[in-house]
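Asks: Fold the stuff below for me.
(one chain, ligands or ions: 2)
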Amino acid sequence: MSKMGLPRFCDTTSRLSRRDFLASALAAGAFLPQSRDRRGRGRRHRSFAEKIDPSQIPAYQYRTLALSHFPALQDEYDQTRSDGQLSRNKVFRDEITPLSFELPGNFPDAKSVVVVAAFARTMYANFHLDGQVYRILVPFQYYRDELNPESLKNIVQKDIIKEPGHRVVDITERVPLKLLAARSGLGRYGRNNLIFVSPMGSFNVLYAFLTDYSFPDDTWSTLDILDACNHCHRCDHICPTNCFSRRSFVIDIDRCITLYNENTGEFPNWIHRSMHNALMGCMECQSPCPVNEWVDQASGNLEDVSEDETRKILEGALDDATLKSLQRKLRGFPADDSRELLPILTRNLGALIRT
Ligand code: SF4
Ligand code: SF4
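Replies: Ligands and ions are numbered 1, 2, ... in the order given. Got it, this is the predicted structure:
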């Protein structure tokens, strides 16, 4: 855990750890062979031209891999960490250091891993201030819904394994999730370094569970990018801080807004106010993606935040009752978890609604 880190995000009961974005999403491009043929090859995924009805998107998708692949995954992960492509940023390095594909000593009978992608919707919250309403994006990484580590563990036991008596252990916080998802065939990398799972696009949250059950299917897959990325640069062009490189597929994490607005401290002066687009994180490289074109139809709303509450957030002066109310309205948004983290909410909201 970095000194600047948010302890709550490492709670395995949270919707998603910040590690998932920083350590997995932004490191993802480094796992792709940089010399690959970018004109597309291998399995063809659903074309982005194909219309998707969000109401038909399943709540989750999964793949299973035998644990015998973990040594190869560990070698791949080690090689990527040592080849100089990843950022030396301390916060980022602190996040990826604990991740590995080493088998846990307390589960010697483990045989398989189940990799799950849960469909996640974008939410908006209306913040009221001075008679105006500010509709602010709350990305799916930062609120909780009914699909969480506990409910998914039950789903793995009852609906995926379907055979009683097998042990299931959540290893979501311990493994490089996006590499695992790509190698299991669950998803493919996009140019924005996120994992796309058909048909939910990049609007997914990944989980991994070990089990002592042996699945008949093993879907070990090659690493590659979405076919759609071969003739598209929308995410590259829209990124407000120029994180994308023309020379490699690795995003420059040191320039990513998420690295700064998930942590305490002043924003660097090169992040201008107009670049902020969400209460936490940044959705700019996902929103215009043609693979996610149905996303606006699938967004939802959190409860409105009142004038009084908005003002107290901006003043950094929340009483216990208001803090409790916000925790309910924003469904466990990380920066309203405790007084220690409130300066993040105050700073982020101020950047979005102060003129
Ligand atoms: S916006 Fe285009 S290039 Fe970026 S991930 Fe989506 S399809 Fe790929
Ligand atoms: S668009 Fe936002 S989240 Fe994507 S790489 Fe750029 S700063 Fe990071």
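Asks: residues contacting residue 209?
Replies: Residues in contact with residue 209 (Cβ atoms under 8 Å, 6 or more residues apart in numbering) are 113, 114, 116, 152, 153, 156, 168, 169, 170, 171, 172. Backbone N, C-alpha and C define where each C-beta goes, glycine included.
Asks: Next, give phi and psi for it.
Replies: phi -130, psi 130 (degrees, to the nearest 10).
Asks: For this structure, which residues score under the pLDDT cut-off?
Replies: The model of the chain has pLDDT under 70 over residues 1-50, 337, 355.
Asks: What residues does it have near ligand 1?
Replies: When proximity is defined by Cβ under 6 Å from any ligand atom, the chain lies next to ligand 1 at 190-192, 226, 228-229, 232-235, 289-291.
Asks: In helices, which of the residues you listed appear?
Replies: Using DSSP state H, the subset of the residues of the chain next to ligand 1 located in helices is 234, 235.
Asks: I'd like to know which of the residues of the chain next to ligand 1 is nearest to ligand 2.
Replies: Of all these, ligand 2 sits closest to residue 192, with 5.7 Å by Cβ to the nearest ligand atom.
Asks: In this structure that closest one contacts residue 235, no?
Replies: Yes - assessed by Cβ atoms under 8 Å, residue 192 is found in contact with residue 235 at 4.1 Å.
Asks: more crowded one of the two?
Replies: residue 192 (26 against 23; other Cβ atoms under 10 Å).
Asks: any idea how far the more buried one is from residue 226?
Replies: Taking Cβ to Cβ, to the nearest Å as the criterion, residue 192 is separated from residue 226 by 10 Å.
Asks: Equivalent analysis for residue 274, please.
Replies: Distance of residue 274 to residue 226, given as Cβ to Cβ: 29 Å.
Asks: What of residue 51?
Replies: Relative to residue 226, and taking Cβ to Cβ, residue 51 is found at 17 Å.
Asks: So which residues on the protein come close to ligand 2?
Replies: 192, 239, 241, 243, 251, 256, 257, 258, 282, 284, 285.
Asks: Tell me which of these fall in strands.
Replies: Among the residues of the chain next to ligand 2, none falls in strands (DSSP state E).
Asks: Need the buried ones from those selected in PyMOL.
Replies: In PyMOL, this line selects whichever of those come out buried by 16 or more other Cβ atoms under 10 Å:
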select buried, resi 192+239+241+243+251+256+257+258+282+284+285
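Asks: when you check the residues of the chain next to ligand 2 against the helices, which ones overlap?
Replies: Filtering the residues of the chain next to ligand 2 for helices - DSSP H - leaves 257, 258.
Asks: how about the residues of the chain next to ligand 2 in a markdown table, adding distance to residue 164?
Replies: As requested, these are exported to a markdown table (distance: Cβ to Cβ, whole Å):
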| residue | distance to residue 164 |
| --- | --- |
| 192 | 41 |
| 239 | 48 |
| 241 | 51 |
| 243 | 47 |
| 251 | 44 |
| 256 | 44 |
| 257 | 46 |
| 258 | 41 |
| 282 | 44 |
| 284 | 46 |
| 285 | 43 |
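Asks: quick one: which of the residues of the chain next to ligand 2 is nearest ligand 1?
Replies: Nearest to ligand 1 among those, with distances taken as Cβ to the nearest ligand atom, is residue 192, at 4.6 Å.
Asks: contacting residues around that closest one?
Replies: Shown in contact with residue 192 (Cβ under 8 Å, 6+ apart): 202, 235, 244, 251, 285, 286, 289.
Asks: for the residue lying closest to the first one once chain neighbours are set aside, phi and psi?
Replies: The one in question is residue 202. Spatially, and ignoring its direct neighbours in sequence, residue 202 is nearest to residue 194 (4.3 Å; Cβ to Cβ, 6 or more residues apart in numbering). With angles defined as degrees, to the nearest 10, residue 194 sits at phi -100, psi 160.
Asks: okay, now residue 194: neighbour count?
Replies: For residue 194, the tally of surrounding residues (other Cβ under 10 Å) stands at 28.
Asks: Next one: it from residue 53, what distance?
Replies: Going from residue 194 to residue 53 by Cβ to Cβ gives 22 Å.
Asks: Now do the helices in the stretch 151-300 of the chain.
Replies: For the stretch 151-300 of the chain, applying DSSP state H, counting those that start in this stretch gives helices covering 177-183, 234-238, 257-261.
Asks: okay, these, which one's buried deepest?
Replies: Compared across those, helix 177-183 shows the largest average neighbour count, a mean of 26 (mean count of other Cβ atoms under 10 Å).
Asks: That helix: how far from the chain's middle?
Replies: Centroid separation for helix 177-183 versus its chain: 13 Å, with Cα atoms, centre = their mean, to the nearest Å.
Asks: let's have the chain start at 357 instead
Replies: Sure thing, new numbering starts at 357, so read that last one as helix 533-539.
Asks: packing partners for that helix?
Replies: When contacts are defined as 3 or more Cβ pairs under 8 Å, 6 or more residues apart in numbering; DSSP states H and E, helix 533-539 sits against strand 416-422, helix 426-438, strand 468-475, strand 544-545, strand 551-552, strand 560-567.
Asks: picking that back up, compare residue 630 and residue 582 and say which is more crowded by neighbours.
Replies: Set residue 630 next to residue 582 and count neighbours by other Cβ under 10 Å: residue 582 wins out with 26 against 8.
Asks: Which residues are in contact with the more buried one?
Replies: 401, 544, 545, 546, 547, 552, 647.
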